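>>> give the three-dimensional model of this entry:
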Amino acid sequence: MKKRTIGSSNLLVSELGLGCMSLPTELEAARSVLDEAVDHGINYFDTADLYDRGINEELIGKVLKEKRQELIIATKVGNKWNGEDSWTWDPSKAYIMNAVKQSLRRLQLDYIDLYQLHGGTMEDDAEETIEAFETLKKEGIIREYGISSIRPTVIERFLNTSHAVSVMMQYSLLDRRPEEYFSMITEKGASVVTRGTLAKGLLTNEGVDRAKKMSGFVSYTSSELQQTIQSLSEKTSDLHAYALAFALKEPAVASALIGARTQQQLRESLRAYDTPIDRQLLTIVTNKTEQHLYDQHRV
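Okay, here's the model as predicted:
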């Protein structure tokens, strides 16, 4: 597994990272996926305090604590649970300073490698939020920080006024909106971490069947989506492999996150990652998709 550096940091992460949101909540089932990832060279694990009300962090802590020194553990903050079923957005310094303690406890860590703001709006007091991250970094509680957002206005303001090193964005062959902002992100000393890399499974070898069951995706209508997936599938016999290669061909991208609920799902992505790619065919496949633009939250 090749590695890349996140932005201007010293964080060296595997090209495939494991997005842990879809992990099962049963310990041994989660362990089988996490151990499989480590065994195949994945060193980057992304979670959030929001996932399963903290259970996701707890599972990662229990399974990965013995391998901690070899791994890059990332989590997120900003969504505060109000009870059993709802949460509110809270990017205040007071909340962040308390929430990080809870994440450290659940993850069984002394420090977090990458702490990310889990969203954001232009109404936020960004200065206060960044002050919290800077304080945590100064105190050695986190190594680096970043933001997870699909709002260009929020992202640019955050990068302009902070030392953030990462921006997590939904990015795939079917959602190329972030490309417009890649140069801005890299100029600010940050890297992109992709989520939704396989577009809800549409960019796997099950894509044609999945597309028939969906009403559309991002800016694609239902019929456009089906036609596009059909066209992509006709061009290559391994759409999964080309979807991963597409995300990783971008210098701005440090790691492409994949989700896996089972060992088998993870193995399919690992196999796809190791599959040799025809670069000319990758260009052809890319040209079969649209580079849509964000129609809201524009810079």
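
>>> which parts of stretch 291-299 are buried?
Neighbour-count burial for stretch 291-299 flags 294, 297 (criterion: 16 or more other C-beta atoms under 10 Å). For glycine as for every other residue, the C-beta is placed from the backbone atoms N, C-alpha and C.

>>> now do stretch 139-147
Quick answer for stretch 139-147 (16+ other C-beta under 10 Å): 141, 142, 143, 144, 145, 146, 147.

>>> so how far is that stretch off the chain centroid?
Counting by C-alpha atoms, centre = their mean, to the nearest Å, stretch 139-147 is centred 17 Å from the centre of its parent chain.

>>> same check on stretch 161-174?
Using C-alpha atoms, centre = their mean, the offset of stretch 161-174 from its chain centre is 8 Å.

>>> dump the C-alpha coordinates for it into PDB.
In PDB, the C-alpha atoms belonging to stretch 161-174 read as follows (Å, rounded to 0.1, in the frame of the first residue of the first chain):
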ATOM      1  CA  THR A 161      -7.600  31.700   8.700                       C
ATOM      2  CA  SER A 162      -6.100  28.500  10.100                       C
ATOM      3  CA  HIS A 163      -3.300  25.900   9.800                       C
ATOM      4  CA  ALA A 164      -5.700  23.200   8.600                       C
ATOM      5  CA  VAL A 165      -4.000  20.400   6.600                       C
ATOM      6  CA  SER A 166      -7.000  18.500   5.300                       C
ATOM      7  CA  VAL A 167     -10.400  18.900   3.700                       C
ATOM      8  CA  MET A 168     -12.700  15.900   3.600                       C
ATOM      9  CA  MET A 169     -15.000  16.100   0.600                       C
ATOM     10  CA  GLN A 170     -17.400  13.900  -1.300                       C
ATOM     11  CA  TYR A 171     -15.500  13.100  -4.500                       C
ATOM     12  CA  SER A 172     -15.900  10.400  -7.100                       C
ATOM     13  CA  LEU A 173     -16.300   9.800 -10.800                       C
ATOM     14  CA  LEU A 174     -19.900  10.800 -10.300                       C
END
